[in-house]
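K.L.:
curious how this folds, go ahead:
(one chain, ligands or ions: 1)
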Amino acid sequence: MKPDVFEAPDYYNLDELLSEEHKLIRDATRKWVKRSISPIIEDYAQKAEFPKQIIGGLADIGAFGPYIPMQYGGAGLDQISYGLIMQEIERGDSGIRSTASVQSSLVMYPIWKYGNEAQRKKYLPKLASGEWIGCFGLTEPDHGSNPSGMVTNFKDMGDHYLLNGAKLWISNAPFAQVAIVWAKNEAGRIHGLIVERGMEGFSTPETHNKWSLRASATGELIFDNVKVPKENLLPNKSGLGAPLGCLDSARYGIAWGAIGAAMDCYDTALRYSKERTQFGKPIGQFQLQQKKLAEMITEITKAQLLAWRLGVLRNEDKATSAQISMAKRNNVEMAINVAREARQILGGMGITGEYSIMRHMMNLESVITYEGTHDIHLLITGLDVTGLNGFK
Ligand SMILES: Cc1cc2nc3c(=O)[nH]c(=O)nc-3n(C[C@H](O)[C@H](O)[C@H](O)COP(=O)(O)OP(=O)(O)OC[C@H]3O[C@@H](n4cnc5c(N)ncnc54)[C@H](O)[C@@H]3O)c2cc1C
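P.N.:
Predicted coordinates for the structure are as follows:
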């Protein structure tokens, strides 16, 4: 058995595919998560509160805009590094990873890719340093899986835009300073607008009573005749492809992140199976428990290979949206199944907050739903391989 078996399952020596820089970044993130997230996360999840004191730390490890160029305050890293950072953060908690994903891929990415130079200079350094937290408003109360049906809209009033509508299920909304809001213009075309806290008519009520992602703040975005300055429109891309481009980047990060949650569940269950004895033997000696553990490590290893290969394709700018969908769908399902099996290995202890497994399991119910549900990603793969649209 390798000495690091409990820390980072690496059954196929995937470390050999990583550069020294990748490993340094991953190990530094892992250490930070162990020091700054693991000791506090259960308490914050139980309280249903986001631990705001970690924002500076997330910025320091490069979790806000890992692949955004350094000239805008980002870390200028490649896609594998981005994935490894997400993996290690989600080993701590999917809710914390969600905050980092939203900030990087759903707020900084559209400003970087679809914004102008003035917008990049104004927002990106503040978002990279964590001085400002952002959120991304696409989903609406009546339009989730089908965002093209959105009714949030803006009118050109000459010297400003007038924004009306509502968004639901928005991560970071209750405390974000900046929102990237997707809305239709008078011609029905989708555009991104940068809306700032404090604009009159803009409010962000929190969504309570979640059983999942409890350490991540979720809320609504309500726009009641909000006057948005014209310079806040993202000028360089419009149409549904603009928000979908952001989702590609976030979904890729989730494909890695889910592996982190699964690794933590596997580690915990493996350790427990060696320590817990019943009928005079460690439960890990029973074949039924070994089946669970053997299947977990097999699935984790397959997911690692998928994520790594996708990272290489993304570094070469060759990954398709459908390839990203496949990895998000597979890896999140893998993680939720690992969490469910791992929980059983812990028996009654598995349902307590003494261990992280049940929290991961509940968190993953959101992860399998947001950024495209499990069904929607299957339909994307189905469309890609058959050329036939199964959505409608
Ligand atoms: C904790 C959390 C955080 C979130 N954060 C954000 C955020 O930051 N920003 C944001 O914009 N959104 C966010 N979301 C919203 C998320 O992306 C949506 O919940 C998701 O897209 C699904 O939309 P819906 O909930 O309206 O479900 P619906 O679209 O109503 O789907 C309900 C069910 O119907 C199925 N279904 C829908 N269409 C089809 C079809 N054509 N064929 C077969 N089955 C179908 C779905 O798979 C699902 O099982 C978040 C959600 C959660 C839970």
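K.L.:
who's in contact with the residue of the chain found nearest the ligand?
P.N.:
Closest contact between the chain and the ligand, by Cβ to the nearest ligand atom, is at residue 144 (1.8 Å). To be clear about C-beta, it is placed using only N, CA and C from the backbone, and glycine gets the same treatment. Residue 144 makes contact with residue 169, according to Cβ atoms under 8 Å, 6 or more residues apart in numbering.
K.L.:
ok, now residue 133?
P.N.:
By Cβ under 8 Å, 6+ apart, the contact set of residue 133 is 55, 99, 103, 127, 172, 175-178.
K.L.:
is it true that residue 130 touches residue 54?
P.N.:
No. Residue 130 is not in contact with residue 54 according to Cβ atoms under 8 Å; the separation is 9.2 Å.
K.L.:
which of these two has more neighbours?
P.N.:
Using other Cβ atoms under 10 Å as the criterion, residue 130 and residue 54 rank with residue 54 on top: 23 against 19.
K.L.:
residue 213 belongs to a strand?
P.N.:
No. Counting by DSSP: H, G, I helix; E, B strand; the rest coil, residue 213 falls outside a strand, being coil.
K.L.:
where do the helices sit along the stretch 201-350 of the chain?
P.N.:
Secondary structure of the stretch 201-350 of the chain (DSSP state H, counting those that start in this stretch): helices at 241-275, 287-315, 321-345.
K.L.:
picking that back up, wait, which of the contacts of residue 133 is closest to residue 387?
P.N.:
residue 103 (36.2 Å; Cβ to Cβ).
K.L.:
for the closest one, report the pLDDT, please.
P.N.:
According to the prediction, residue 103 has pLDDT 98.
K.L.:
swap in residue 9?
P.N.:
Turning to residue 9, the model gives it a pLDDT of 84.
K.L.:
residue contacts, it?
P.N.:
Residue 9 sits next to 263, 266-267, 297, 300-301 when contact means Cβ under 8 Å, 6+ apart.
K.L.:
residues from this protein in reach of the ligand?
P.N.:
Counting by Cβ under 6 Å from any ligand atom, the residues of the chain close to the ligand are 102, 135-139, 144-145, 169-171, 213, 218, 366, 369-371, 373, 375-376, 379, 391.
K.L.:
where does the chain dip in pLDDT?
P.N.:
1-7 (pLDDT under 70).
K.L.:
90 instead, please
P.N.:
1-9, 392 (pLDDT under 90).
K.L.:
show me where it has its strands.
P.N.:
Assigned strands in the chain, in chain order: 134-137, 153-156, 160-171, 178-184, 190-196, 202-203, 218-229, 277-278, 281-282 (criterion: DSSP state E).
K.L.:
in JSON lines: those, plus mean neighbour count.
P.N.:
Below are these laid out as JSON lines (neighbours: other Cβ atoms under 10 Å):
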{"stretch": "strand 134-137", "mean neighbour count": "28"}
{"stretch": "strand 153-156", "mean neighbour count": "16"}
{"stretch": "strand 160-171", "mean neighbour count": "20"}
{"stretch": "strand 178-184", "mean neighbour count": "24"}
{"stretch": "strand 190-196", "mean neighbour count": "22"}
{"stretch": "strand 202-203", "mean neighbour count": "18"}
{"stretch": "strand 218-229", "mean neighbour count": "19"}
{"stretch": "strand 277-278", "mean neighbour count": "11"}
{"stretch": "strand 281-282", "mean neighbour count": "12"}
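K.L.:
just send these back as TSV, with distance to residue 235 too.
P.N.:
Conversion of these to TSV gives the following (distance: least, Cβ to Cβ, whole Å):
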stretch	distance to residue 235
strand 134-137	18
strand 153-156	14
strand 160-171	13
strand 178-184	14
strand 190-196	9
strand 202-203	21
strand 218-229	13
strand 277-278	64
strand 281-282	62
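K.L.:
turn the helices of the stretch 201-350 of the chain into JSON lines, columns for mean neighbour count.
P.N.:
Shown next, in JSON lines, are the helices of the stretch 201-350 of the chain (neighbours: other Cβ under 10 Å):
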{"stretch": "helix 241-275", "mean neighbour count": "24"}
{"stretch": "helix 287-315", "mean neighbour count": "18"}
{"stretch": "helix 321-345", "mean neighbour count": "23"}
